[in-house]
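**Student:** What would the 3D arrangement of this be:
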Amino acid sequence: MKEETKILEIMQRNEITEHFIYKKLSSWEKDKENKKIFDEIAADELKHYNVLKNLSNKDITPNKFKIFIYLFLEKIFGFTFILKLMETGEDNAIKGYSSIINSFPEIKKILEDEEKHEQKLLSLLNEERLNYVGSMVLGLSDALVELTGTLAGLTFAFQNTKLISLSGLITGIAAALSMACSEYLSVKAEEGDRNPLKAALITGLTYIMAVIVLILPYFLTQNYVLALVFCLLFSSLLVLVFNYYISVAKDLDFKKRFLEMIIIIFSVSFISFIIGLVVKKAIGIDI
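**Tutor:** You can find the predicted model right below:
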């Protein structure tokens, strides 16, 4: 019974926490249909909380840290990403309720509501920013592969962090502008709902963001080997974060996509490193 009471309290906290998350998402949402569904789910979560409160005889406070994290992530990744995480929470809630449903028959109605929530959440997923994921993928993947390889080659060709960072920055900005223009022409030629200018801006800005992150180590240290190590580390972190976002939002295989991109980046970097050494030795220039 003690274990069952503990599960009740955990579920009770989850319900009131998710109530506040859905209410906030509703206040931010402009689409009337999405807003309506958020409000309905928020009301259901509060109702569930009160049912559980009557069973536990305790008033449980929401998890403010979880509320902050979810709402913070929504501002960065959008509500689709958050809803996918919330969907996982609904699955866990259903499992939790199922384990104590025999002791508390009142939970059966809550269990049915949680299953309905999952269907409602899946029907919500129509976010504009997901239409531009392809532009983000293009900008980030091209920057990571091209610039990481370029910096690896320049590192052992120049062996000077100032020259490497300057060359990398010029190369990166030029490549970002080129990619943005290519994406603009590509989207303009296709039939779809995407705005060519918006797609171009997303591609270019994503590329420049990656450029800044990758070049940063060369501005912070004069040790070119250490700078390259951190450049590769930052590149891996960008791949990790971005692929996790795409995998959650689009229901894709995270491990496969992550390993594929990491292998490509490190392979290109290694080849560029060899080319840098060969060119430096062949030309005989010592900078």
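**Student:** how does the chain divide into domains?
**Tutor:** 2-126, 129-283 (automatic domain parsing).
**Student:** List the buried residues for stretch 229-239?
**Tutor:** Using 16 or more other C-beta atoms under 10 Å as the test for burial, stretch 229-239 gives 230, 231, 232, 234, 235, 236, 238, 239. Yep, even glycine has a C-beta here, placed from its N, CA and C like the rest.
**Student:** Pretty sure the fifth one sits against residue 214.
**Tutor:** Yes: using C-beta atoms under 8 Å, residue 235 is in contact with residue 214, at 6.1 Å.
**Student:** Overlap in contacts, those two.
**Tutor:** Common contacts of residue 235 and residue 214 (C-beta atoms under 8 Å, 6 or more residues apart in numbering): 144, 148.
**Student:** where exactly do the helices run in the chain?
**Tutor:** All helices of the chain, identified by DSSP state H, fall at 2-28, 32-56, 64-77, 79-98, 107-124, 133-158, 161-189, 196-220, 224-250, 254-283.
**Student:** In a markdown table, list those along with mean pLDDT.
**Tutor:** Listed next are these as a markdown table, based on pLDDT from 0 to 100:
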| stretch | mean pLDDT |
| --- | --- |
| helix 2-28 | 84 |
| helix 32-56 | 84 |
| helix 64-77 | 86 |
| helix 79-98 | 70 |
| helix 107-124 | 68 |
| helix 133-158 | 76 |
| helix 161-189 | 85 |
| helix 196-220 | 87 |
| helix 224-250 | 83 |
| helix 254-283 | 75 |
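**Student:** do you know how far residue 171 is from residue 207?
**Tutor:** Distance check for residue 171 against residue 207: by C-beta to C-beta, to the nearest Å, it reads 11 Å.
**Student:** between those two, which one's more packed in?
**Tutor:** The neighbour count for residue 171 versus residue 207, taken as other C-beta atoms under 10 Å, is higher for residue 207 (28 against 17).
**Student:** so what's the more buried one up against?
**Tutor:** Residues near residue 207 by C-beta under 8 Å, 6+ apart: 139, 140, 142, 143, 172, 175, 176, 179, 180.
**Student:** With residue 183 as the reference, measure out to it.
**Tutor:** Taking C-beta to C-beta, one finds residue 207 at 10 Å from residue 183.
**Student:** what do you get for residue 86?
**Tutor:** Distance from residue 86 to residue 183, counting by C-beta to C-beta: 32 Å.
**Student:** Same check on residue 85?
**Tutor:** Per C-beta to C-beta, residue 85 is found 29 Å from residue 183.
**Student:** Count the neighbours of residue 100 for me.
**Tutor:** 17.
**Student:** With residue 142 instead?
**Tutor:** Using other C-beta under 10 Å, residue 142 has 19 other residues around it.
**Student:** Residue 174 too?
**Tutor:** Neighbour count for residue 174, taken as other C-beta under 10 Å: 10.
**Student:** Same question for residue 71.
**Tutor:** 15.
**Student:** you'd agree it is up against residue 26?
**Tutor:** No: with contact defined as C-beta under 8 Å, residue 71 does not reach residue 26; the gap is 12.0 Å.
**Student:** which residues touch the nearest residue to residue 45 once chain neighbours are set aside?
**Tutor:** Spatial nearest neighbour of residue 45, chain neighbours left out: residue 19 (3.9 Å); criterion: C-beta to C-beta, 6 or more residues apart in numbering. By C-beta under 8 Å, 6+ apart, residue 19 lies in contact with 42, 45, 46, 49, 62.
**Student:** distance of residue 19 from residue 149?
**Tutor:** Distance from residue 19 to residue 149, by C-beta to C-beta: 49 Å.
**Student:** ok, now residue 171?
**Tutor:** Residue 171 is 11 Å from residue 149, where distance means C-beta to C-beta.
**Student:** One more: residue 174?
**Tutor:** Residue 174 sits 15 Å away from residue 149, taking C-beta to C-beta as the criterion.
**Student:** repeat for residue 232
**Tutor:** Distance from residue 232 to residue 149, by C-beta to C-beta: 11 Å.
**Student:** Equivalent analysis for residue 73, please.
**Tutor:** For residue 73, the distance to residue 149 - C-beta to C-beta - is 31 Å.
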